[in-house]
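A.B. asks: here is a sequence together with a model predicted from it:
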Amino acid sequence: METLTEINWILACYTDDVPENGGACIKHGDEQIAIYNFTRRQEWYATQNLCPHKQQMALSRGMIGSAGEHCEPKVACPFHKKTFSLLTGECLSDDDNCQIKTYPIKVDAGKVFIGIAC
């Protein structure tokens, strides 16, 4: 049975707040959320900012790129180089069972919105 989750879209920032081909971080409640402006792909992504490897709030400062034959978008932790899929949150760099949370994101009229499950 499929569970339907209602999404609350919050205004996270403006497009000018996030560097091209880079990331920025916002705080929503107790969570830090990393937002990525992947200009080379003309795509936006959002994940948790906490790297699960060493429990550091750092992913928004990580390097973004593409991995594998399907050019999956990824982010690498700036400290330990663990890489995570920006689509699924899966760890791509080794057999670790760690995963990061991803968020739906949309951009409209220069504003960046993140979908938070209600």
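C.D. replies: Looks like it came in fine.

A.B. asks: beta partners for the residue nearest to residue 49 when sequence neighbours are not counted?
C.D. replies: Closest residue to residue 49 apart from its sequence neighbours, by CB to CB, 6 or more residues apart in numbering: residue 32 at 3.8 Å. Any C-beta I mention is one placed from the backbone N, CA and C, and that applies to glycine too. Beta-bridge partners of residue 32, counted by DSSP bridges, are residue 27.

A.B. asks: tell me, how many residues neighbour residue 32?
C.D. replies: Residue 32 has 16 neighbours, counted by other CB atoms under 10 Å.

A.B. asks: mind listing what's buried in the lowest-mean-pLDDT helix or strand in the chain?
C.D. replies: Lowest by mean pLDDT, DSSP states H and E among the helices and strands of the chain is strand 63-67, with a mean of 91. Judged by neighbour count using 16 or more other CB atoms under 10 Å, the buried positions of strand 63-67 are 64, 65, 67.

A.B. asks: next one: it to chain centre, how far?
C.D. replies: Strand 63-67 sits 12 Å away from the centroid of its parent chain (CA atoms, centre = their mean, to the nearest Å).

A.B. asks: so in that sheet, which strands flank that strand, and in what orientation?
C.D. replies: strand 72-76 (antiparallel).

A.B. asks: returning to what we had before: thought the residue nearest to residue 49 was touching residue 51?
C.D. replies: No - when contacts are counted by CB atoms under 8 Å, residue 32 is not listed as touching residue 51 (11.0 Å).

A.B. asks: any common contacting residues for those two?
C.D. replies: residue 57 (CB atoms under 8 Å, 6 or more residues apart in numbering).

A.B. asks: beta partners of residue 22?
C.D. replies: residue 37.

A.B. asks: what about it, how many residues close to it?
C.D. replies: That count, for residue 22 with other CB under 10 Å as the rule, works out to 16.

A.B. asks: quick one: it and residue 34 touch, right?
C.D. replies: No - in this structure, residue 22 is not within contact of residue 34 by CB under 8 Å, at 10.4 Å.

A.B. asks: list the residues that contact the residue nearest to residue 49.
C.D. replies: Here residue 32 is in contact with 25, 26, 48, 49, 50, 57, 60 (criterion: CB under 8 Å, 6+ apart).
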